[in-house]
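# just a sequence and a predicted model for now, questions to come.
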Amino acid sequence: MNNNKPKIGVYVCHCGVNIAKTVDIEAVRSYAESLPYVKVARNYSYMCSDPGQLLIKEDIAEEGLNRIVVASCSPRMHELTFRKTLAEGGLNPYYLEMANIREQCSWVHEDSEEATSKARKLVAAAVAKARLLEPLEEKEVEVEPATLIIGGGIAGIQAALDIAGAGFKVYVVEKTPSVGGKMSQLDKTFPTLDCSACILTPKMVDVASHPNIELLTYSQVEDVQGYVGNFEVKVRKKARYVDIDKCTGCGICAQECRLAGRIPSEYEAGIGKRGAIYLPFPQAVPAKFTIDPESCLYLTRGKCGKEPKCVEHCSLGAIDFEQQDEFVEFKVGAIIVATGYDVFDASRKPEYGYQDYDNVLTSLELERLVSASGPTGGEIVLGKGEEAFVPKEVAFIQCVGSRDASCGNEYCSRVCCMYTAKLAHLIKEKVPDSNVRVYYMDVRAFGKGFEEFYDRVRREGVRYIRGNPSEVFKRDGKLVVKAEDTLTAKPLEDEVDMVVLSVGLEPRKDTREIIDLLRLSQSSDRFYLEAHPKLAPVDTATDGVYLAGCAQGPKDIPDTVAQAKGAASSALILLASGKVNIQAQISVVNEATCRGCGYCVEICPYGAIEMGEVNRFGHIVSVAKVNEALCKGCGACVAGCFSGSIQQKSFKDRQILPQIAVLGVVK
Amino acid sequence: MSEQYEPNIVAFLCNWCSYAGADLAGTSRVHYTSNLNVIRVMCSGRVNPLFAVNALQQGADGVLVSGCHPGDCHYMEGNYYARRRFALMRELLEFIGVEPERFNMSWVSASEGAKWKDVVEEVVEKARKVGPFDQFRRNKINW
Amino acid sequence: MVDLEKLRNAAKEIVSQDDVKYLIGWRDGTFGFRISPHFMESPEEADKLIFSPLCTNNLATYLTMAEKLPIPRGEEPDRRKVAVMVKGCDSRAVVQQLVEQGTNREEVYIIGCPCEGVVDIKKIEKKFPDVLESVEARWENGQIVLKLPGGEQSFPREEVLAQKCLTCRYPNPVLADTVLWDEVEVLGVEEYEDVKELEGMDSKERWAYWQDKISNCIRCYSCRNVCPMCYCEDCVLERLNPTWMFRSVNVAENTAYQLARAFHLAGRCIECGECERVCPVDIPLMKLNRKLYKEVQEDFQFEPGLDPESKPLQASYRPDDKEDFIL
Amino acid sequence: MDSMILSKEKMKDFVAALGQQKLYAPQKEGETLRFSLLGEEDVPELDFSNTTVPPKDVVFPQTETLYQYELGGTDMKEPEGGEEGAVMGIRPCDARAMSIVDSLFSWDVDDPYYLERRSGNTFIGLACLEPCVNCFCTSLGGAPASTEGLDALMTDLEDKYLVKPLTEKGEKLFQKAADVLEKATEEDVASAEKLHEEAAAKVARNVDTQGIPEKLPELWEADLWKDVSNSCLGCGICTYLCPTCHCFDIQDEVEGFEGRRCRMWDSCMFGEYTLHASGHNPRPSRRERTRNRINHKYSYYVDKFGTIACVGCGRCIDFCPVNIDILNILTQVKEAL
């Protein structure tokens, strides 16, 4: 403990010209020098550089500084850097206070005089607080060597395999009956035209068979409590009404189901049908059947003929209508959110006639149509029975639901340009005499091999017309795309057999649930917000929770896999070190003045405070007690305490009030 | 009221949304008025409404508290508590004769650098309109 | 109907119970219209007990006031009950104390006194400034009868009752272990007329109004001390480190003090009006409290001091709380 | 020194004639009557029984700055000394209180702040003709027209005041306004004296203090202290409104990087009073505090300065929210002796 008179060192950073251009550094420095308790005030071109940090360390040693104020960039940027500097210089790292004179001063104010005067104020406020800082102790807790991965698409699969491969336990929780996600629905992948199933299926099998991975399909995370390193997870395993230990996946039940071929299949994007008991797709993992409780006659009406067909035909007796949802609970140290995305609902753009005309398809529907495993066996045929025909004139409309403020999606979905090129190529390959054109705004072919692929497709005869169609309508039984070729300024009315809407990627509808569960934030595009867009793209604001794949924003498969590996690596750092520092800036109760009203207990969002008893001169009185591992240091309890008896370390009333005074009084 | 009157605003920003949003405004080189000074706290829930009273008393002409949008609080609930507390304090201050223009609260997310600028300018403009705070300012002359 | 015989007998019985430490009631004061809190430890003192329109004091405040003096080693704290006589408003104070664990339900015995309203002592002393002899008072047919030195006089409620009683919606105890007589009719309707009158002014007028009142504050802390909801061991408004407000007595600090006090009572004030009654310089403190009471009721559909199981207003929230004031 | 007559109609002229000097007088502030500095247009409010707050705050302000400083520095800046002034409309009981407190502030060391104001101001009393219900000045050696501690005494004669200068200071002050004053007749003087006597007879409450100062400490452990303090709220009304209570606290108030050291009224009824840094308080409950208040007034002060530090103004009785009545306490004390 350092109870000596404060000796403050103030360091004003030029940040090259970033600060120095608008803020008069010397004026700020000399002002700082005049403030009470300031022993040293210096300026330097880059305080975060090695020589800059050395300056602080030397002053600590030579001048006996015991509080440090760094006036530079945002504490969100370099607070940790300078805390480390203090520690290396032999000071408690929490004796640091920063004044943000870059992001919130030099970069936002043009007038040099104003910026300088504000910088002085901010430095003065920091000095006022620094004087009253207290040393804090960082405590360590053990990390539960396991990870929860929410979502069993390619991102979740990859992260699971990596972590499990490193020898740690993984729980994969997948909402649908099978892992595989959206990638399993794709036919080929751009730009290499690999068969999507061929590269994905082995990984799906690996996930199921890996000894370190526990796969919980058809399951949902219900509750997450605890904190980094020690999350307590509760998962609901929804009833499949099929005993998966008995089911061999033979499929007779599905053939016999009275509703066979009558329920739109999710996997087939609605263009294929399934029964009430179903396997989502042939390569599904686990290869176990599931009864859809929303369509099953027996489950919805309590009656299915004399006896449900599935029961009748399952010789192993695997059908179990009595099955209930089960709950499993386990502890993990880290959580990876790999929940993926939703495909944009094309009916939200009614001008393109998706709901009105049979031959207006979404790209995902076309994906199933061209797939050898799809309902037509890979033949591009529209219509049924006698009306069936092979479309020859095909138009793609780009950016449906992307780059479109009218539907709330201002972002680019990043994959549509390339999957359109791929699908156009596949159509040309399967229907060589077809005419394919693509109505586009811009073609973004930025990835490895993308531009080459786009060139190839154009050489194959796919026409790119720059113009956003205004409407798709029907004339004389034919679809007409109305657009303007913006390069020639010519209005077009293009008669076609098939219109493909290149729909974008959207945040999942259940995004909110996960946010509530894990205390995540959303960015303005409504995808989950990463801790930093550049330097912490897989981390979130919640320690121990990481993002992978399209949950964080639209991306293609290689980017998804790369991020999944990044998330796995982040989780592994935690698991491998086995220990994590918990918040030092937590709440602390003054038991002598606590009146035991319990407001803080009610307020704490983490259940970190409970009432305990103390002996006050023979009287047993109840007072609040803080569980240090659970406290996250938000301070909501502090503002709710009437007697000021609970305080947040580093953000105590006695530290904030002088800041307020200085900002009010200093001119 | 002198012509050169420039309001002085003290703002309390939560670390995760609003402070980050204000940083983003900086990173994006959005320019705004320099009348507002920020005190960083971890959560808007930490901000005791009495801080606002204290700020007015000690020289601020207006106060701003900014946190995450409802539902986005990094600590889940802090901004809800802040909202309730500030609703009460606002009524009280208004009732005692403090112009409501001096007492502001906003939700600014980490991605709303542009909104931050708008909020700052609105708060400063409102304070400018109602003039210097003189209701219960500490008067140094009495010292 | 108030029955003093019944009251005294009940008090004798209650105070004789082994698990009751003492009983707090009211007795005649030393002069005029004043009455005094009566602390009785034995049944013999019961004959001094009264209940009349002069019994303004909210005795619930004494539940949290007794000092917890050091107990010598080896001795046990006395956890016997304190019996307290409460009017409707006073009972709400007990309920709110229970909500906030300021009082332990096992350590209090609540004697409910349905109440037809108490007089505004300041009002009546203005009418009769020189009364030295102790005055008796009673309710009779909706009137207040005062036994003045010159003979009995009766007054209509509106003329002599405290403002809080004219708008009282809870004249009957909301929680009691025993209720001494029949419940009384609820006559009060709260229209917040005085609050609305102030709301109708502009900021400058409002401040002028309050500045005038608050500049008189001598910071005697009687408003805080008398408040049954103010029972912090160490009041943050007087604390030196950190200094939320100076102890200097001037308009700025007095205002900060009164604002903080009112804010701490938001969603907690049960409208007993004691703060305003005791104020030696006549600051209309209940206007502040009632303003917040009104807003709390309108904005959060919340009234404190009714249900011991309720969650405190300031320690809870609803996701759809009003936010029309947010930019 | 001859008595003079000030016609009530000429009050404004009188105030004007006193010139630029500060003049404190009772003023109505809302419902509350207290002494304040008279503004240019103000007229003293002299039709009252007594002010809520005693005039002690003119000489012993509730808050006063001793000096200012900069945080971390060693330089001090003292406020400038006060100018001369006058206080008008003081009741004799309150004036007597000042003269009692004078001994304290000029005891072991002279208190420059208090004494400067005491000597710089001229104190003009206003005889009390209608004692309040709880007045008992006559029991303590005072009277409704006592002149102790005053430089002049005024007596209300319906349409005019009889003004009697008592000291040179008083005389000097009234000389300034000689133009608006008339000579008093013998009848005027006689009727004032009669009123004074009548007023003294009207004082209804009383206490026989015989023996109390000497024997009070013997009742240290008496039950009565608990009985009389049970209902005490521990507020500062009785002491803040008491004209003889003179306890103060010294506080540092810091704003930003500047601070001031100031002193302000304190009250022995507060829990913090005599609270040691260790956390120990020799007066841990309202019982000891009440006991101290009575002992200080009726015994310790007598020991030290030979006079009871109570003038019987009755404020503590009037304003106590829970009817703690000093006369009642003294009666019990007498009974217990």
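That came in fine, so what should we check first?

# which strand or helix spans the residue positioned nearest the centre of chain B?
The centroid of chain B falls nearest to B:Leu64 when counting by CA atoms, centre = their mean (0.7 Å). Taking DSSP states H and E as the definition, B:Leu64 sits inside strand B:62-67.

# is that strand positioned near chain A?
No - Strand B:62-67 does not reach chain A (CB under 8 Å from any CB of the partner chain); its nearest approach is 9.4 Å. Where C-beta positions appear, they are placed from N, C-alpha and C, glycine not excepted.

# that strand pairs with which strands, parallel or anti?
Sheet pairing for strand B:62-67, assigned by DSSP bridges, gives strand B:9-14 (parallel), strand B:103-107 (parallel).

# CA atoms only: put it into PDB for me.
C-alpha atoms of strand B:62-67 as PDB (Å, rounded to 0.1, in the frame of the first residue of the first chain):
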ATOM      1  CA  GLY B  62     -26.100  20.900 -18.500                       C
ATOM      2  CA  VAL B  63     -25.700  17.200 -17.900                       C
ATOM      3  CA  LEU B  64     -25.800  14.200 -20.200                       C
ATOM      4  CA  VAL B  65     -25.900  10.600 -19.200                       C
ATOM      5  CA  SER B  66     -25.500   8.100 -22.100                       C
ATOM      6  CA  GLY B  67     -25.700   4.400 -22.100                       C
END
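
# chain center to it: distance?
How far strand B:62-67 lies from its chain's middle: 2 Å, per CA atoms, centre = their mean, to the nearest Å.

# from the contact counts, what lies against the following helix or strand past it?
On the C-terminal side of strand B:62-67, the closest following helix or strand by DSSP H and E is helix B:78-96. On a contact count with 3 or more CB pairs under 8 Å, 6 or more residues apart in numbering or on different chains; DSSP states H and E, helix B:78-96 meets helix A:636-640, helix B:49-57, strand B:62-67, strand B:103-107, helix C:193-199, helix C:203-214, helix C:251-264, helix C:285-300.

# on that earlier part again, now tabulate the strands paired with strand B:62-67 in CSV and tack on mean neighbour count and mean pLDDT.
Listed next are the strands paired with strand B:62-67 as CSV, based on neighbours: other CB atoms under 10 Å in any protein chain shown; pLDDT from 0 to 100:
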stretch, mean neighbour count, mean pLDDT
strand B:9-14, 27, 97
strand B:103-107, 26, 96
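
# is it possible to get TSV of those that adds distance to A:Arg463?
Compiled in TSV, these are given as follows (distance: least, CB to CB, whole Å):
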stretch	distance to A:Arg463
strand B:9-14	52
strand B:103-107	47
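
# quick one: buried residues of the strand ranked longest in chain C?
Ranked by residue count, the top strand of chain C under DSSP state E comes out as strand C:20-28. Residues of strand C:20-28 classed as buried by neighbour count (16 or more other CB atoms under 10 Å in any protein chain shown): C:Val20, C:Lys21, C:Tyr22, C:Leu23, C:Ile24, C:Gly25, C:Trp26, C:Arg27, C:Asp28.

# partner residues bridging the closest residue to the fourth one other than its chain neighbours?
I take that to be C:Leu23. Counting by CB to CB, 6 or more residues apart in numbering or on different chains, the nearest residue to C:Leu23 once its immediate chain neighbours are dropped is C:Ala83, at 4.0 Å. Under the criterion DSSP bridges, C:Ala83 forms beta bridges with C:Leu23, C:Tyr109.

# surely C:Ala83 touches C:Asp19?
No - assessed by CB atoms under 8 Å, C:Ala83 is found out of contact with C:Asp19, at 9.9 Å.

# how many residues are close by the closest residue to chain C within chain B?
Nearest to chain C in chain B, going by CB to the nearest CB, is B:Gly97, at a distance of 2.7 Å. Neighbour count of B:Gly97, defined by other CB atoms under 10 Å in any protein chain shown: 21.

# quick check on it: phi, psi?
The phi/psi pair for B:Gly97 (degrees, to the nearest 10) reads phi 110, psi 20.

# ok, it - contacts?
B:Gln135, C:Ser203, C:Lys204, C:Glu205, C:Arg206, C:Trp207, C:Ala208, C:Tyr209, C:Trp210, C:Gln211 (CB atoms under 8 Å, 6 or more residues apart in numbering or on different chains).

# wait, the second one touches B:Ile96, no?
No - if you go by CB under 8 Å, C:Ser203 and B:Ile96 don't touch, sitting 9.2 Å apart.

# who has more neighbours out of those two?
B:Ile96 (25 against 19).

# contacts only, for that one.
B:Gln135, C:Arg206, C:Trp207, C:Trp210, C:Thr255, C:Leu259, C:Leu288.

# so who does the third one touch?
For C:Trp207, the contact set (CB under 8 Å, 6+ apart) comprises B:Ile96, B:Gly97, B:Val98, B:Gln135.

# tell me the spacing between D:Ala177 and chain B.
Going from D:Ala177 to chain B by CB to the nearest CB, to the nearest Å gives 31 Å.

# where in chain B is pLDDT low?
Flagging of chain B using pLDDT under 70 yields the residue ranges B:1-3, B:140-143.

# got phi/psi on residue 50?
By default, I'm working from chain A. According to degrees, to the nearest 10, A:Asp50 has phi -60, psi -50.

# A:Ser209 now?
Dihedral pair for A:Ser209: phi -100, psi -10, per degrees, to the nearest 10.

# re earlier: need the nearest residue in space to the residue of chain B closest to chain C, chain neighbours excluded.
The nearest residue in space to B:Gly97 (CB to CB, 6+ apart) is C:Trp207, at 2.7 Å.

# how close does the one you found sit to chain D?
Counting by CB to the nearest CB, the gap between C:Trp207 and chain D amounts to 15 Å.

# doesn't C:Glu298 make contact with C:Lys322?
No - contact between C:Lys322 and C:Glu298 fails when scored by CB under 8 Å: they sit 9.0 Å apart.

# do I have it right that D:Lys22 meets D:Glu84?
Yes - applying CB under 8 Å, one finds D:Lys22 in contact with D:Glu84, separated by 7.5 Å.

# thank you kindly, that will do.
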